[in-house]
Structures are given as C-alpha cells and as structure tokens.
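**Q** this is a predicted model, with the sequence first.
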Amino acid sequence: KTILNVQGLRATVNGIEILKGIDLTVRSGEIHAIMGLNGSGKSTLAKVLAGHSAYEVTGGNVQFEDNNLFELAPEERARAGIFLAFQYPIEIPGVANNQFLRLAYNTLQVHRGKDELDPLEFDDFVREKMKLLDMNPDFLDRSVNEGFSGGEKKRNEILQMALLEPRLNILDETDSGLDIDALKIVANGVNQITNKDNATILVTHYQRLLDYIVPDYVHVMVSGRIVRTGGKELALELEARGYDWLNAERETTV
Ligand code: ADP
Ligand code: MG
Ligand code: MG
C-alpha cells in the first residue's frame, strides 16, 4: 500500500529553488534512505514534507495516504501520522519527560478517537516501549531533554516515535556528527519500529548507519533532484566511489 507519493515536487526558500522536481513513492513496510552531499537538499525535502513554514512549494504534488499533503497544516500532518524527528530537540526545563510524552500521546489518542491513558496506565505502556528500545526508565523522571547528551536526545526522539506510532517516520540525521552509540540507537529504534503498516524515510550521509539498518531503497540527491535509486548496495557504492561519478555520469547522459 502506498503511504507517500511525491510527484515533481519543487520548493523554494527565500525565492531560491532548492527542490527541483522530486519523485518518490514510499509503500508500507519500506525503509528508504536518502543520501547526498551537504547542500543537496535532503533536509529541505524532510522539512517540506513536514510543512516547515520557511519553504514555499512551487510545483508538483504529494499524496499522503488519502490526503493531499499540502491541504494539511503542519499539526494536521503530525496527527495524520507524519513524524519528523527534530534535528535539535528542544529542552523544556521543569517538565518531566513522562508528562511531556503522556501529553503528546494523549493528544493523539483523542484525535484518533481512542481513550487517553491516565498516569499509571501510561507509565506501564511507556515502560514496555522502553524495554523494547533497551532504554533506562530513569529517563522518565528527568526534565525534557535538559542536560541530555546527544545520544540521550536521540533515544528520546526514538521513544517518541515508538509511542506515537506514526505511519511515516522521517529522520534527518544531518551533519550533527552522530557517534557510534547514537548510530546504534537510531538503528535499533528504526528496526524495532518499522513494521508492515508504516514506513521510514531516513536522511543520512553516514553509510555506517546503513550497516545497521537495511534500507529497501537508497536514493541519491544531487542539487535538489534524486539522480539515482537503487538497493542497499548503492550505499556501498557511494562509500567506495564518493558522489562525483554521479555528476560525471549525468553530464555524459544529458
Ligand atoms: P542537505 O540537508 O542536503 O545538506 P539542505 O536541504 O539543508 O541540504 O540545503 C539545500 C540548499 O538549500 C543549501 O544550498 C542551503 O544553503 C539552502 N538552504 C536551506 N535552507 C535555507 C534557508 N532557510 N535560507 C537559504 N538557503 C537555504
Ligand atoms: Mg546538510
Ligand atoms: Mg541536512
């Protein structure tokens, strides 16, 4: 079943065209890796899908399940099941993580027409999820992201994904220098969370991450376009050969 269908997507920021015609189809059960050099437009794609206000969509269309994505406001997209992991998660001093997570969870439950969980019920539920992700429950009593290490923020983000059960997870791992622990956290989380009913788009330029997560498809972005799509072996080819050969190949075929 198709979850996301992107056709000819173009977008600008400050009047400069960054996305120059993106086509991408994501079906349930799939993991798609999007790779590319710095500045190729990977984060822009993630943000446009999430509805970030700095970007103007200037062409194409995006179908998300039964919705025209661009008819949904950002918070409606989140409620409809698009989850964009934050690159730099916010800190909320004085708000305990478990309160924050319960509020987020219950807001979505109400929207889905389901029962809210009271604090005790939620506690059981969140601890189960944490067990699955191999996370320490001490985490629940701390303020949201306050003083968290990079790896701990990453875990928290993955925990939010596990709790909210989005239809489409979009993770932008950006340039923030994930260490090996953080890579493993992300990988373990994505592997636990992806099932036959949801899908994941993983933006990364770390081939190493793909040693732990096996994507169904790898897409390479160059200058706002997907110039090549392949299986997991494409990531290995990029690791061995870099990105230049893609440009050279395009120039000779254009
Ligand atoms: P990537 O994630 O692949 O490194 P980005 O999507 O972050 O690439 O950026 C793509 C291009 O868009 C870059 O040239 C970047 O400078 C430009 N860009 C992104 N956001 C903005 C912005 N808010 N204002 C101006 N230029 C931007
Ligand atoms: Mg970048
Ligand atoms: Mg980026």
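**A** Yep, it's here. Ligands and ions are numbered 1, 2, ... in the order given.
**Q** up against ligand 1, what does the stretch 1-150 of the chain have?
**A** The stretch 1-150 of the chain comes close to ligand 1 at residues 13-14, 18, 36, 38-44, 54, as judged by Cβ under 6 Å from any ligand atom. Where C-beta positions appear, they are placed from N, C-alpha and C, glycine not excepted.
**Q** for this structure, what spans make up the strands?
**A** 2-13, 16-27, 31-35, 55-64, 67-68, 82-84, 92-96, 143-144, 168-172, 199-203, 217-222, 225-230 (DSSP state E).
**Q** what about burial for the residues of the stretch 1-150 of the chain next to ligand 1, which qualify?
**A** 13, 18, 36, 40-44 (16 or more other Cβ atoms under 10 Å).
**Q** apart from its chain neighbours, what residue comes closest to Asp123?
**A** Asn98 (6.9 Å; Cβ to Cβ, 6 or more residues apart in numbering).
**Q** will you turn the strands of the chain into a markdown table that also has mean pLDDT and distance to Phe125?
**A** Below are the strands of the chain laid out as a markdown table (pLDDT from 0 to 100; distance: least, Cβ to Cβ, whole Å):
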| stretch | mean pLDDT | distance to Phe125 |
| --- | --- | --- |
| strand 2-13 | 98 | 25 |
| strand 16-27 | 98 | 28 |
| strand 31-35 | 96 | 25 |
| strand 55-64 | 97 | 27 |
| strand 67-68 | 95 | 28 |
| strand 82-84 | 85 | 18 |
| strand 92-96 | 77 | 16 |
| strand 143-144 | 78 | 18 |
| strand 168-172 | 91 | 19 |
| strand 199-203 | 94 | 22 |
| strand 217-222 | 96 | 33 |
| strand 225-230 | 96 | 38 |
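**Q** taking the protein, what residue is nearest to ligand 2?
**A** Closest approach between the chain and ligand 2, counting by Cβ to the ion: Asn38, at 4.4 Å.
**Q** my read: that residue touches Val222, true?
**A** No: with contact defined as Cβ atoms under 8 Å, Asn38 does not count as touching Val222 (11.6 Å).
**Q** tell me where the model's unsure across this structure.
**A** Scanning the chain for pLDDT under 70 picks out 86-91, 174-177, 248-254.
**Q** domain-wise, how is it divided?
**A** Following automatic domain parsing, one gets these domains for the chain: 2-88+169-253, 90-147.
**Q** so which of these is the most surrounded?
**A** domain 2-88+169-253 (a mean of 17; mean count of other Cβ atoms under 10 Å).
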